[in-house]
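Asks: structure for this input, please:
(one chain, ligands or ions: 1)
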Amino acid sequence: MAFEYGRADAVSPLIRRVVANNPGPFTYLGTGTYLVGHGEVAVIDPGPADDRHLDALLAATAGERISHILITHTHLDHAPLAHPLKQRTGATIYGLSEPSRQADEGDDVPKAAADAAALFQPDVVIADGQRICGPGWTLEALFTPGHASNHVAYALVEENALFCGDHIMGWSTTVISPPDGDMSQYYASLDRVQAQAFDVLWPTHGPPITEVAPFVEAYRNHRLARERQILSELSGGRATIAEMIPRLYRGVDKRLHAAAARSVLAHLIHLVREGKVHCGGSPNLTSYFSVISNSAI
Ligand SMILES: [Zn+2]
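Replies: Residues are numbered from 1 along each chain as shown. Next up is the predicted model:
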């Protein structure tokens, strides 16, 4: 993927991309902000609170008008620049509101409901299937919960393309971290994307995906393979996530094990719902799990 931080690259007739300088283990090279249209422009995921990225977006659209700002979800590498960009351009922000934070999301999350006013709010709460139009472009919202409960992808009708946010990434599997992340919803959202037969996916992180059907299928198969591994761990007598992680993520940087544990929990919650795994009580990171006999491995 050829790019330079802050430079707007024309990547299709209607799409330009500007990458923010926020590389990391969850953002790859950084947040890819998409500009759709010419003259009157929609911005998809302005990105993190970063003045230089704001300046880059304004420079890229000098002489044009940013009319719409669309948010795929409210994680910190996607949404925080929306309001500063609105202040500078008068654009209307579309998306879903930030979910109220839940207690067991981790120590770094402020107490639930501590400051509801500080949660991200769009100007317009978008509806599934809602269309947003400008001169020569049409964007259609496709609800795709899973990575985040408020995740929305946007189809660009004229190019049969989908801005898929973090639902599908061009470089890695997507993080599904309960309780806001939900594996059952995630599978259903993969089905939704697959059913629409897009020609190209533009993820927020990483290069575009042009072989959409096999890519999404491989993405799903990767998850299903992990499920089988988890069921096999349970059959082998390992009943807790802590026991499974060093085996499932052998060779993976230990600093990523905490995130991996949340991903395994997401799988286990899904398997409990499917009736393949038993858990006495609501599943969490320290629960004891057991495989229900006769469940398919
Ligand atoms: Zn992201």
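Asks: against residue 184, how distant is residue 283?
Replies: 13 Å (C-beta to C-beta, to the nearest Å). In this view, the C-beta of every residue, glycine as well, is placed from N, C-alpha and C.
Asks: shared neighbours, these two?
Replies: Between them, residue 283 and residue 184 share these contacting residues under C-beta atoms under 8 Å, 6 or more residues apart in numbering: residue 269.
Asks: residues touching residue 201, list them.
Replies: 161-162, 164, 168, 170, 193, 208-209, 212, 215.
Asks: try it again at 10 Å.
Replies: Counting by C-beta atoms under 10 Å, 6 or more residues apart in numbering, residue 201 touches 153, 161-165, 167-170, 193, 207-212, 215-216.
Asks: that one and the ion, how far apart?
Replies: Distance, residue 201 to the ion, using C-beta to the ion, to the nearest Å: 14 Å.
Asks: begin at 183, not 1, for the rest of this chat.
Replies: Yep, numbering from 183; the last one is residue 383 now.
Asks: skipping adjacent residues, who's closest to that residue in space?
Replies: residue 391 (4.2 Å; C-beta to C-beta, 6 or more residues apart in numbering).
Asks: and that neighbour, what does it touch?
Replies: Neighbour list for residue 391: 344, 346, 350-352, 380, 382-385, 397-398, 401 [criterion: C-beta under 10 Å, 6+ apart].
Asks: just the ones of these in strands?
Replies: Cross-referencing these against strands under DSSP state E gives 344, 346, 382-385.
Asks: ok, and the most crowded of those residues?
Replies: residue 346 (30 neighbours; other C-beta atoms under 10 Å).
Asks: quick one: residues contacting that residue.
Replies: Neighbours of residue 346 in contact, by C-beta under 10 Å, 6+ apart: 254, 324, 326, 329, 333, 335-337, 352, 356, 371, 375, 380, 382-386, 390-391, 394, 398.
Asks: now residue 461
Replies: 421, 450-451, 453-454, 469-472.
Asks: buried residues in the longest helix along the chain?
Replies: Ranked by number of residues, the top helix in the chain under DSSP state H is helix 394-417. If you call a residue buried by 16 or more other C-beta atoms under 10 Å, then helix 394-417 has these buried ones: 394, 398, 401, 405, 408-409, 411-413, 415-416.
Asks: out of those residues, which one sits closest to residue 267?
Replies: Nearest to residue 267, judged by C-beta to C-beta, of these is residue 394 at 29.5 Å.
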